[in-house]
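Give me coordinates for this.
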Amino acid sequence: MTMHTSNRPRAKRRTGATAQPEAVQERMHAALPNRSVASMSTTPLSSTYPTPQSSTYPSAYPSEDDDEAGPKTNIQPFRFMDLPSELRNKIYTMLFAAAPPVIDLDPHTFTLLHRQKLLSLFRVSRQVHNEAAHNFFSTSTFRLFPTYPGRYFKTKKPLLARIPPNYRASMTYLELRVGPGWNNPPRGWVVNDALGLADCTNVRVLRVFVECDPSDAIFKGFRMGEGAYERFSAALLDAVLKEVPSIKVVEFDAYSSVKRTGDLMSGLGEVVANHDKIVGWGPERGWDKDSDQVWLDAILMNGLGKRVTKSLVVFG
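Next up, the predicted model:
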């Protein structure tokens, strides 16, 4: 049996791309002048595909710099309770600085406290609650009787009576504002056991702010009686000082229309002198400069050896 063989050369099996001769590569480069030589390679350039350093997508493989730096340790959060108590108190003070200067029973104060969530720190832990609550109630001034018009002004349960006893024990500043209701004082403005002054054992300063003096001539014909409101205010201040013997300083302040020599201020001054309290002056009225001069004159006239209280000098 004879076998027929073909004269056509058998094709070689293609196992891989054959290398192009140099002459062929030069002709291809000349025909494509706008392409770079590197574009013929199977590896993309960094200009087309960003490198891990310039890519916005994190690489799944660590870079050489990460390999050299070694494994990173996890950064633990700082524990607030590891701070000294002095620094924690300063942080509390900075946080509560956004609170109103005087805490009163009115909707604006509660809205501000709720919106800024200043008291939410009380719910962190027992220790943080005790520290933050003591800082807040010991540095804030609380008004004894509300002055906001409406149902708050006529309430029989002022803000102080609504605060728990343990919080009242931390208070150091109270404010008594007289003048509102000068023709008909509210029935809730009374010092009794329900007010809770017996728990205010750490109060040191009582701030008395006088909004108006009904003894002035412009109130004639409108006041409820001659000297009635002056006696009411003096009795109210006397009851507060008796109920809170820890008060050392009574700080007076008023609006510009109030005179220090008026009947209302004179009656309040007599009460403070009888209780032998130190008299202070607030920044609103500007009485501090005049009282200091009177005080210095009294010291020079009576001598340093005689005990002369400032309340006795100023109010006679």
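
Give me the mean pLDDT for the helix or strand residue 230 falls within.
Assigned by DSSP states H and E, residue 230 falls within helix 228-243. Averaging pLDDT along helix 228-243 gives 96.

Report the buried residues of it.
Neighbour counts using 16 or more other CB atoms under 10 Å place 229-230, 232-234, 236-241, 243 of helix 228-243 among the buried residues. (Each C-beta comes from the backbone N, C-alpha and C, glycine too.)

now swap in stretch 89-97 and tell me
In stretch 89-97, counting by 16+ other CB under 10 Å, buried: 89, 92, 96.

nearest spatial neighbour of the first one, skipping sequence neighbours?
Translated: residue 89. Distances taken as CB to CB, 6 or more residues apart in numbering place residue 135 nearest to residue 89, at 5.8 Å, with adjacent residues excluded.

residues in contact with that neighbour?
Residues in contact with residue 135 (CB atoms under 8 Å, 6 or more residues apart in numbering) are 89, 92-93, 96.

Which secondary structure element is home to it?
Element membership for residue 135, per DSSP H and E: helix 126-139.

what's downstream of that helix, the next helix or strand?
Next helix or strand after helix 126-139 toward the C-terminus (DSSP H and E): strand 141-143.

Show me where the stretch 51-200 of the chain dips below the pLDDT cut-off.
By pLDDT under 70, the low-scoring segments of the stretch 51-200 of the chain are 51-73.

can you map out the helices along it?
Listed in chain order, the helices of the stretch 51-200 of the chain (DSSP state H, counting those that start in this stretch) span 64-69, 85-95, 107-116, 126-139, 159-162, 165-168.

name the helices or strands packed onto the last one?
Other helices and strands packing on helix 165-168, by 3 or more CB pairs under 8 Å, 6 or more residues apart in numbering; DSSP states H and E, are helix 126-139.

Which residues belonging to the helix it packs on are considered buried?
Residues of helix 126-139 classed as buried by neighbour count (16+ other CB under 10 Å): 128, 131-139.

from those, which is closest to residue 191?
Distance ranking of the buried residues of helix 126-139 against residue 191, using CB to CB, places residue 137 first at 20.2 Å.

Quick one: residues contacting that closest one.
167-168, 170-171.

And residue 131, by the same measure?
When contacts are counted by CB under 8 Å, 6+ apart, residue 131 touches 85, 88-89, 92.

and residue 144, how many residues sit next to it?
A total of 22 residues lie near residue 144 under the criterion other CB atoms under 10 Å.

That one reaches residue 178, doesn't it?
No: counting by CB atoms under 8 Å, residue 144 stays clear of residue 178, with 10.3 Å between them.

and for those two, which residues touch both?
By CB under 8 Å, 6+ apart, residue 144 and residue 178 have no common neighbours.

re earlier: for residue 267, see how far away the residue nearest to residue 89 is.
Distance from residue 135 to residue 267, counting by CB to CB, to the nearest Å: 36 Å.
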